[in-house]
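Undergrad: coordinates only, no sequence provided:
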């Protein structure tokens, strides 16, 4: 028979945990909202950036040449893996790392793939394994800033430009909705040749200063920075969403556990009372007899 | 012809300004330029500097912008920059320190980095000018 005092202690500890889970869920919910607003607020810039890019490619006649656009046979690849800095968020981190492992398995020859770990979890995981890690950023997600994205993007661009890598890919959790996050693999470099938008055309009416080609060369690195920034923001929103869902489930589960334990405890209490009563009654009966 | 311009300043995390004005002055990569209503369609690159907007001929409001792009079409001036700040946001001490380091780096920067470092110098200079300091 389980001891009453032990049961009470256990229920108390589960209740304490439940409070922590609930608090974490609320915190994640509010951070998620902020993250989503953050993503939305980058929209105007994204829209304008695309408009300018399309205009410029129309002006430069579609076939633009720039080091960041140059596509080469993929002999050596850099894979950036975006995880979170913390755990307790369901399968958020393990999903992205499983996908990372898959990609590594595809490049069985070690010399053809290097990793860049964005987020503490991925950094911890991959530095302990025998994979070549080019760079690791451990404290990205306390606050995602454009400057960080810029630093990462410029490093990638430089390495790609120097010919250290023939392509740069990124694996991250795409934010679909609060309930769903999808792990996706995207190609960062070489950049896709921007599509010329014929309708926005009127390109010949524009005055360019400097030339469209020079403008495009100025624009592409910014485009890459913005891509990295967007990936970081999406991953962050996904992390908060995943944590919120996980903590919600944990709160529910601990509620169930408390109910079960309470039932067991009440039974134990009742059993104890019954035993005591029987003792009293049989004692009295013995005296009478 | 309309005699008003619409000025939209967009940074990577927000739309900073969306105002109607009579005149805009921009720090173009190849030199400062003034824009009045009826300007021809234009697409150009901006260096870090001071952007001023206001009623035509009158006193304007200034903000410091980092490098970026500017598009002008049908009396809408769209400015696309990575960062911008107004006088109140400027931390003079920090900017002056940044200007010193950037200037020193500029002296020994190799040609490939020259552009980026020059931008940092201009950025700091623009902020100090805006704050009314001498440089």
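TA: Received it, and whenever you're ready, just let me know what you need. Keep in mind it's a predicted model, so treat the numbers as computed, not measured.
Undergrad: tell me the contacts of the residue of chain B found nearest chain A?
TA: Ranked by C-beta to the nearest C-beta, the top residue of chain B for proximity to chain A is residue B:44, at 3.9 Å. Where you see a C-beta, it was placed from the backbone N, CA and C, and this is true even at glycine. When contacts are counted by C-beta atoms under 8 Å, 6 or more residues apart in numbering or on different chains, residue B:44 touches A:207-210, A:215, B:28-30, B:33, B:69-70.
Undergrad: isn't there a strand covering it?
TA: Yes: with DSSP: H, G, I helix; E, B strand; the rest coil as the criterion, residue B:44 is part of a strand.
Undergrad: what's opposite it in the beta bridge?
TA: Counting by DSSP bridges, residue B:44 is bridged to residue A:209, residue B:70.
Undergrad: so residue A:135 sits in a strand?
TA: Yes: Residue A:135 forms part of a strand when assessed by three-state DSSP.
Undergrad: count the residues that sit near residue A:73.
TA: By the criterion of other C-beta atoms under 10 Å in any protein chain shown, residue A:73 has 7 neighbours.
Undergrad: again, but for residue A:120
TA: Counted with other C-beta under 10 Å, the neighbours of residue A:120 add up to 20.
Undergrad: contact residues of chain A facing chain B?
TA: Residues of chain A that fall close to chain B, judged by C-beta under 8 Å from any C-beta of the partner chain: A:38, A:41-42, A:44-45, A:48-49, A:51-52, A:55-56, A:59, A:146, A:150, A:202, A:205-210, A:212, A:214-215, A:218-219, A:222, A:226, A:229.
Undergrad: among the residues you listed, name the buried ones.
TA: Buried members of the residues of chain A next to chain B, counted by 16 or more other C-beta atoms under 10 Å in any protein chain shown: A:42, A:44-45, A:48-49, A:51-52, A:55-56, A:59, A:146, A:150, A:206, A:208-209, A:212, A:215, A:218-219, A:222, A:226, A:229.
Undergrad: can you tell me which of the residues you listed are in strands?
TA: Those of these mapping onto strands are A:208-209, per DSSP state E.
Undergrad: residues contacting the nearest residue to residue B:83 once chain neighbours are set aside?
TA: Among residues not flanking residue B:83 along the chain, residue B:66 sits closest, at 4.4 Å (C-beta to C-beta, 6 or more residues apart in numbering or on different chains). Counting by C-beta under 8 Å, 6+ apart, residue B:66 makes contact with B:48, B:81-84, B:119, B:123.
Undergrad: longest helix of chain B?
TA: In chain B, taking DSSP state H as the definition, the longest helix is helix B:111-130.
Undergrad: for it, the distance to its chain's centre please.
TA: Taking C-alpha atoms, centre = their mean, to the nearest Å, one finds the center of helix B:111-130 at 12 Å from the center of the full chain.
Undergrad: now do the helices in the stretch 151-289 of chain A.
TA: Per DSSP state H, counting those that start in this stretch, the stretch 151-289 of chain A has helices spanning A:212-288. These are given in chain order.
Undergrad: do the stretch 1-150 of chain A as well
TA: Using DSSP H, counting those that start in this stretch, helices in the stretch 1-150 of chain A cover A:4-41, A:43-59, A:92-106, A:120-127, A:146-161.
Undergrad: okay, those helices in TSV with distance to residue B:77 and mean pLDDT next?
TA: Below are those laid out as TSV (distance: least, C-beta to C-beta, whole Å; pLDDT from 0 to 100):
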stretch	distance to residue B:77	mean pLDDT
helix A:4-41	21	94
helix A:43-59	12	85
helix A:92-106	42	92
helix A:120-127	43	93
helix A:146-161	23	92
